[in-house]
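> please find the sequence and the predicted model below.
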Amino acid sequence: MYVAVKGGEAAINATHDLVAEARRGDTAVPEISVAQIREQQALACARVMNEGSLYDRDLAALALKQSQGDVIEAAFLMRAYRTTLPRFGSSEPVDTAAMAIRRRVSATYKDLPGGQVLGPTYDYTHRLFDFALMDTDAAVKPAHDGLKAPLDATMPRVPDILGAEGLMEAELPPEGDPRPFDLTRDPVSFPAGRDVRLQSMARGDEGFLLGLGYSVQRGFGGSHPFVGEVRVGEVSVEFVPEELGFAVDLGDVTLTECQMVNQFQGSKEVPPQFTRGYGLVFGHAERKAMSMSLVDRALKAREFGEAANYPAQQDEFVLYHADNVEAAGFVEHLKLPHYVDFQGELELIRRIRKEREERLARQNEELPEAAE
Amino acid sequence: MSQKTPRQRWMATLARASRAEIEALLGAPPEHELLKAPETGTVMLEGRAGGAGQRFNLGEATVTRCVVRLSGGRMGFSYALGRDGRKARLAALLDARLQDEAEGSALHRGVAALAQSQAAARELASRKAAATKVDFFTMVRGA
């Protein structure tokens, strides 16, 4: 039982002042602006939007500034802010096939309709420090002198190419295309549906999902898939306001989608097919999307009649531990005052020790006197 | 995707425009009544498993909306991502005026110009991405 304590207001006010000072750092150094974080730390902002489960680049940047770059604290700020807002409704499902592509690669086909587009990636950098970035006035080399023709307006999703041959597990909406479960509104029960699992992972901790995805590859779940496709780009969001009755385009969001192609499954009725793992996240966040798609496939174990012997295959384990705001809350609450609980434990241990000493003393008295 | 109406197209353009662009396009705000003051809330973004399968909730996005009525009675709406209440109000005014004005009016031409610059920005981004298009080739070992 947690017993609340009172008091300490003055100390708490003082710590608020002190944390503001710590956040600001050396005042001889110019203060960072939210716009600078938004534009120049976009990948950190993407992580905050994902784990905060709220797409707003300015707020993500503000959250990072306010939390001194602590991503989980920033996600917590996003979650808290979200609860103060009314929800107007749900968008139409985003159409990633219509994405304005900035990056799109496949490890399964080298020649793809639309092509392989590296886009902005660190994949082919040497991971050597660029000390020129120590200066803040370094000019950026203008991208590309001889610009090529634009990319195709839309590019087929790679698994759909395999799907056309019947080689890929189909992804079809269930009967009636039902509204998805919303774990922010209703308690989760197990076994959890695919919609619940995907929502939970989309807002889950990148590190946790990365570790689980890695475990699957290393044999704790037995899957070593191919990246069918990773794509990054802008997708428009459509929403039908009740009072208008037609779809309004709200603008673009940046999304990263990953489709993993896994080994075969078949049955008496269905010939062997590749199976899928799916990941979709806010912003440019490939590692997160890839991890999510690895774990998504692992969590399909039950549907495919596979043994679920490993953590990544167990929905209850994954879903209950993926949320870093919840996890941080429970882990970090341990540092709050537990004086009453601990007083109880202290009394208990003192009593146990006293009883033990008394028991030993009695046993010693009962021992026969040793011969002299 | 279904064909968009002209109104859907200009609402999409206004949603992507900056507040400054909308201010410049509208000029002095006409007399109006606020039917729904600018309000920021969220819309839950949905995705589909595998891109085309079962729907799921991806996460929310901030959205700001506003509804106005011009003195002539025409109602204007604005719905756009983000939290800019002033932009929402001005965009709703534009939506109302665009409905009242004939195709080809200065205001309609202004929105068309905005749409064109948005398309140009999109094309430039696409051309920059196209410069990173690769042709992988596989090597035959020991050949």
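Received, thanks.
> which stretches of chain B have low pLDDT?
Scanning chain B for pLDDT under 70 picks out the ranges B:1-2, B:136-143.
> how about the helices in chain A?
Here chain A has its helices, by DSSP state H, at A:9-24, A:34-40, A:42-52, A:57-66, A:71-82, A:158-164, A:194-202, A:206-217, A:286-298, A:315-321, A:324-332, A:339-366.
> so which of these is the most surrounded?
The highest mean neighbour count among the helices of chain A, using mean count of other Cβ atoms under 10 Å in any protein chain shown, belongs to helix A:286-298: a mean of 27. In short, each C-beta sits where N, CA and C put it, glycine included.
> for it, the distance to its chain's centre please.
10 Å (Cα atoms, centre = their mean, to the nearest Å).
> hmm, who's touching that helix?
Outside helix A:286-298, the residues within contact range by Cβ atoms under 8 Å, 6 or more residues apart in numbering or on different chains are A:47, A:50, A:194, A:197-198, A:201-202, A:204, A:206, A:209-210, A:212-214, A:216-217, A:221, A:223, A:225, A:227, A:230, A:232, A:256-260, A:262, A:275-281, A:310, A:312-313, A:318, B:49.
> and for stretch A:81-93?
A:52-54, A:59, A:179, A:237-242, A:247, A:250, B:39-48, B:55, B:57, B:60-63, B:65.
> apply 7 Å and report the result again.
Stretch A:81-93 has contacts (Cβ atoms under 7 Å, 6 or more residues apart in numbering or on different chains) with A:53-54, A:59, A:237-240, A:247, B:40-48, B:55, B:60, B:63, B:65.
> just stretch A:240-250 next, same as before
Everything outside stretch A:240-250 that qualifies as a contact, by Cβ under 7 Å, 6+ apart, is A:92, A:236-239, B:8, B:11-12, B:15, B:43, B:63, B:77, B:79-81.
> if we can go back for a sec, just the buried ones out of the contacts of stretch A:81-93, please.
Buried residues within the contacts of stretch A:81-93, counting neighbours by 16 or more other Cβ atoms under 10 Å in any protein chain shown: A:53-54, A:59, A:237-239, A:247, B:40-48, B:55, B:60, B:63, B:65.
> not counting sequence-adjacent ones, nearest residue to B:Pro29?
The shortest distance from B:Pro29 to any non-neighbouring residue, by Cβ to Cβ, 6 or more residues apart in numbering or on different chains, is to B:Leu93 (5.8 Å).
> so how many other residues sit close to the one you found?
Using other Cβ atoms under 10 Å in any protein chain shown, B:Leu93 has 22 other residues around it.
> likewise A:Ala132?
Neighbours of A:Ala132 using other Cβ under 10 Å come to 8.
> CA atoms only for stretch A:339-359, dumped as CSV, please.
What follows is stretch A:339-359, C-alpha atoms only, in CSV (Å, rounded to 0.1, in the frame of the first residue of the first chain):
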residue,chain,number,x,y,z
TYR,A,339,8.4,5.8,4.7
VAL,A,340,5.3,4.1,6.1
ASP,A,341,5.8,1.0,4.0
PHE,A,342,9.4,0.9,4.9
GLN,A,343,8.7,1.5,8.6
GLY,A,344,6.5,-1.6,8.5
GLU,A,345,9.2,-3.7,6.9
LEU,A,346,11.7,-2.4,9.5
GLU,A,347,9.5,-3.5,12.3
LEU,A,348,8.9,-6.8,10.7
ILE,A,349,12.6,-7.6,10.2
ARG,A,350,13.5,-6.5,13.7
ARG,A,351,10.8,-8.8,15.1
ILE,A,352,12.0,-11.7,13.0
ARG,A,353,15.6,-11.2,14.1
LYS,A,354,14.6,-10.9,17.7
GLU,A,355,12.6,-14.1,17.5
ARG,A,356,15.5,-15.8,15.9
GLU,A,357,17.9,-14.7,18.6
GLU,A,358,15.6,-15.8,21.3
ARG,A,359,15.1,-19.2,19.6
